[in-house]
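Trainee: Below: sequence and its predicted model.
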Number of protein chains: 2
Amino acid sequence: MELSVKLIDISTGDSPVVLITRKAAITHDLHTSDRVIIQYGEKSVIATVNTAGNGFLPDDHIGMFLETAFSLGVAESSKVTILPAPKPESIKVIRKKMEGEELNEQEMMLVVKDIVDRKLTQVELTYFVAACSMFPLTFKEIGTLTKSMADTGIKLHFDKPMVIDKHCIGGVPNNRTSMITVPIMASLGYTVPKTSSRAITSPAGTADTMEVLAEVEIPSERMMQIVNTVGACLVWGGSVNLAPADDRIIRIERPLSIDVPGLMLSSVMAKKYSVGSTHVVIDIPYGPGAKVTTIEKAEELRKNFQTIGKLLGMHMLVITTDGSQPIGNGIGPLLEAYDVLSVLKNDAGAPQDLREKSVMIAGLLLEFIGHCPKGKGAAIAEGQIKNGAALKKFNEIIDAQGRKQLPALARHKQDILASQSGLVTGIDNITITKIARIAGAPISKNAGLLIYAKVGNKVVRGEKIFTIYADDPGKLTNAVAYIREVANPYRIV
Amino acid sequence: MELSVKLIDISTGDSPVVLITRKAAITHDLHTSDRVIIQYGEKSVIATVNTAGNGFLPDDHIGMFLETAFSLGVAESSKVTILPAPKPESIKVIRKKMEGEELNEQEMMLVVKDIVDRKLTQVELTYFVAACSMFPLTFKEIGTLTKSMADTGIKLHFDKPMVIDKHCIGGVPNNRTSMITVPIMASLGYTVPKTSSRAITSPAGTADTMEVLAEVEIPSERMMQIVNTVGACLVWGGSVNLAPADDRIIRIERPLSIDVPGLMLSSVMAKKYSVGSTHVVIDIPYGPGAKVTTIEKAEELRKNFQTIGKLLGMHMLVITTDGSQPIGNGIGPLLEAYDVLSVLKNDAGAPQDLREKSVMIAGLLLEFIGHCPKGKGAAIAEGQIKNGAALKKFNEIIDAQGRKQLPALARHKQDILASQSGLVTGIDNITITKIARIAGAPISKNAGLLIYAKVGNKVVRGEKIFTIYADDPGKLTNAVAYIREVANPYRIV
């Protein structure tokens, strides 16, 4: 049946929804929460039916919530056709995976295509994610899933013999090594089309921190231009639409905070595969309070990345690093950007741990790609900081993406003092993260923490160990109360 | 924060949704698809946030879609409080089940309570169902799940030493034995508080067929009165609110058409447990085209029902029967009601298979509960039909529930003729079901099929083998086209 579009200014988040009157529903034997296909010219979308009274729209109209109208590109009064939606083919494949069977390349592609085309409902997609969690994906499946995810999104091709990429699996506050290693590598002439994520549960993602200095929402064509011009970029992956299935899968994993190992590998590797990376360095920080808690788990993950990389024809340098405390001094987008700038400016007061880790990664990478013999990489990387080449390259990247005015630090602050004298034996990443988020990071770019003592430092009772910055006095009070009433990140003995 | 309610005349189906303006969302750091608690006096509900433009409501108002307004009992301009919703406790339990661990009684209750209180989103509930599918529930888990589902709904107590119940796992068209065995048992003085379901994928459920003759949407208090007065009832389970978690679980199983064995056992047994059944007969029809396809699977299910019944302290009579073709002649609510009435009226032309099966079940049940020695039950049951006592009791049940006027048969009909002479060797349940549903059953109560030949009958080319009835000539044409173009249910050799 054909219906006239009435635009309805409501967003539901992810799932396309359409509205028809209760009378139209009876006439056409449709029911609330039925799944239908809406066709508009060549375009179509699968949507869920909601029903409404006559106050909202006439019986021969169809109401389109924003997500649905956007996917179809309809305008007010456009004519669309509504049909009952058949069950997507991939349902059978999901059932097969739920029975513990391995999926082949065609089957995996069917599922991923239906995810991207929004043919699967949230419930159906959850069955897929659950099956991948309970019957772990084989390496072959991870490989085909990764390729399918990349192939159903935008793919970039750089006309270079070597395309370098870097990824950190996260969980350690600050740790902004990408913003230093990427300009070092690019300053030596290498191509590094780096995409990063925004914070989900952390005080800042690389994209949030970079956004303090430059625009990061860069469409793929402009990203290509930037990389072809200055050799590298540091943009938000969400704006490039690489491997779009991944986003929808992650959204389904979040409610249960589950981390399905095979899906995580695919998620990372699909993005590297999409930009045509040939050489990839992966950083796996481990330790209490990090995402990966033990060296055994880090080692297993390292091997898995190696295996998948080989399957996809990429050269993988996978390193495991100490992730037991924050790397750098600032926590929150602006404070982390300060740290990056001070390392690149070769400031004497720059955080040594961030500097050393970034130099180590860039150095290993230089040796790995054959730029220099073993043992010589770190010195070359450090040289690019000392001679100003890395900073110059970083400024070129910032200017190419669109430079932004640095904001001022948040107005409200409170120093937190050591409650006893002694040796700092631990700084809990999870508590640090919690406090910085209560203070407003990453939504307030200029909120967060500045920490003065690291593990191994001696402190004296009453000495400042960190300062909390917040835009809003209420948030500051809440952050301080959290430390007093729930947890202090510092262990001093 | 406190907001004023604006009622919004939209139904979403199952999940509570609230609407705030995009500006209010930014102010209160809420996002589209966030989960929030809405409090109104003592009542609260977990809802999903949608956002809208200012055209829909002012910034200090909260829009309530119908399901949300209904759960809270709010009126226009009621004041409610909105709070971020913490993750429900049961999430941890679901994660435990996903890791393959057995859940204990308290954990199972936590999940079921959160299902009933609508604290779990559809995605979260899907993880639970998926886990129960991939790590099959142990008998202990099925027992605790059954009790939890019963305990979180309405429970009925009849002051009788023996409460009898009956259930058929379904899959065979017509097969309306409950409508005959229940009055037989009640006519002998037994208590049979029977609840039945409506059709989901079949041409009619017992509740749909009974609804042709009597009201079936009977609240629990009236159901108690009816059973205490006439000894039995035949009502729609959905109106009694027994084991409400079950409905939500079934709704999650449907999109993938998965049948999780442990959940099916709990679903059936929770309803029997809720009405205090002491003696339960379960009919498991098996055969090609039935729900259970082989005798081995039927036998396994039989043992599982026995085990769960024992755990719950119920006496179980579980029988496996021939389910390879429809039982009775009519398919669709009205045509099936005709069959039931003709058996109870002791008509010479009543379908023999339906009569014999109903008498057999009632007979076995009479022997099982010790009403008579082995081998004597069927004769007693048949006697209650012949002497009119079962029909009298059926009429009492109908009058107690509220008698309805029988509708006329659907106006449009077409005879389907045998395409060759020979012996009927098969009638496919699935194709019969499909044709009856295309013809309009169960939505059109008076649509469906009337079949004239059963397996083992000889037919002559051109002889009527069945008639299709439809309310609408288009549906009749579609049903006939389906037979010609897709499948004919009759196998004649």
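Mentor: Arrived safely, thanks for sending.

Trainee: Quick one: residues contacting the closest residue to residue A:345 other than its chain neighbours.
Mentor: Distances taken as CB to CB, 6 or more residues apart in numbering or on different chains put residue A:391 closest to residue A:345, at 6.0 Å, once the chain neighbours are dropped. Just so you know, the C-beta spots here come from the backbone N, C-alpha and C atoms, and that holds for glycine as well. For residue A:391, the contacting residues are A:183, A:344, A:345, A:346, A:385, taking CB atoms under 8 Å, 6 or more residues apart in numbering or on different chains as the criterion.

Trainee: quick one, phi psi at the third one?
Mentor: So that's residue A:345. Taking degrees, to the nearest 10, you get phi -80, psi 0 for the backbone angles of residue A:345.

Trainee: Ok, the second one next?
Mentor: As for residue A:344, its main-chain torsions (degrees, to the nearest 10) stand at phi -70, psi -30.

Trainee: Filter the contacts of residue A:391 down to just the buried residues.
Mentor: Neighbour counting over the contacts of residue A:391 (16 or more other CB atoms under 10 Å in any protein chain shown) leaves A:183, A:344, A:385 as the buried ones.

Trainee: And the pLDDT for the nearest residue to residue A:192 once chain neighbours are set aside?
Mentor: Nearest non-adjacent residue to residue A:192, counting by CB to CB, 6+ apart: residue A:232, 4.0 Å away. Looking at residue A:232, its pLDDT reads 98.

Trainee: how many neighbours does residue A:232 have?
Mentor: Applying the criterion other CB atoms under 10 Å in any protein chain shown, we find 24 residues in the vicinity of residue A:232.

Trainee: what about it, distance to chain B?
Mentor: Here residue A:232 is placed at a distance of 32 Å from chain B (CB to the nearest CB, to the nearest Å).

Trainee: quick one: contacts for that residue?
Mentor: A:182, A:183, A:185, A:186, A:190, A:191, A:192, A:193, A:194, A:393, A:397.

Trainee: from those, which ones fall inside strands?
Mentor: Secondary structure assignment by DSSP state E places A:192, A:193, A:194 of those in strands.

Trainee: Between the contacts of residue A:391, which sits nearest residue A:165?
Mentor: Checking those against residue A:165 by CB to CB gives residue A:183 as the nearest, at 14.4 Å.

Trainee: What residues does that closest one make contact with?
Mentor: Applying CB under 8 Å, 6+ apart, the residues contacting residue A:183 are A:232, A:344, A:390, A:391, A:393, A:394, A:397.

Trainee: Okay, and which of those residues map to helices?
Mentor: Secondary structure assignment (DSSP state H) places A:344, A:390, A:391, A:393, A:394, A:397 from those within helices.

Trainee: and which of the residues you listed is nearest chain B?
Mentor: Using CB to the nearest CB, residue A:397 is the member of these that sits closest to chain B, with 30.2 Å.

Trainee: Not counting its neighbours along the chain, what's nearest the residue in the stretch 301-450 of chain A that chain B sits nearest to?
Mentor: When you check the stretch 301-450 of chain A against chain B by CB to the nearest CB, the closest residue turns out to be residue A:443, at 6.8 Å. Setting aside the residues directly before and after it, residue A:443 is nearest to residue B:29 in space (CB to CB, 6+ apart), at 6.8 Å.

Trainee: follow-up on the earlier one: looking at the buried ones among the contacts of residue A:391, spot the one nearest residue A:475.
Mentor: residue A:344 (30.3 Å).

Trainee: Residue A:182 is in contact with the closest one, correct?
Mentor: No: under the criterion of CB atoms under 8 Å, residue A:344 makes no contact with residue A:182, lying 10.9 Å away.

Trainee: Domain parsing of chain A, as residue ranges.
Mentor: What the record gives for chain A is the domain set A:2-84, A:90-135, A:164-241+A:257-401, A:412-492, from automatic domain parsing.

Trainee: so how far is the first one from its chain's centroid?
Mentor: Domain A:2-84 has its average C-alpha position 32 Å from the chain's average C-alpha position, going by CA atoms, centre = their mean, to the nearest Å.

Trainee: and the lengthiest strand in chain A, what does it pack onto?
Mentor: In chain A, assigned by DSSP E, the strand with the most residues is strand A:43-52. With contacts defined as 3 or more CB pairs under 8 Å, 6 or more residues apart in numbering or on different chains; DSSP states H and E, the secondary structure elements packing on strand A:43-52 are strand A:17-21, helix A:22-27, strand A:35-40, helix A:66-72, strand B:10-11.

Trainee: let's see 7 Å
Mentor: Counting contacts by 3 or more CB pairs under 7 Å, 6 or more residues apart in numbering or on different chains; DSSP states H and E, the secondary-structure elements packed against strand A:43-52 are strand A:17-21, strand A:35-40, helix A:66-72, strand B:10-11.

Trainee: ok, residues contacting that strand?
Mentor: Contacts to strand A:43-52, defined as CB atoms under 7 Å, 6 or more residues apart in numbering or on different chains, come from residues A:15-22, A:25, A:30-38, A:63, A:68, A:71-73, A:85, A:118-119, B:9-12.

Trainee: Pairing partners for it, with directions?
Mentor: Taking DSSP bridges as the criterion, strand A:43-52 sits next to strand A:17-21 (parallel), strand A:35-40 (antiparallel), strand B:10-11 (antiparallel) in its sheet.
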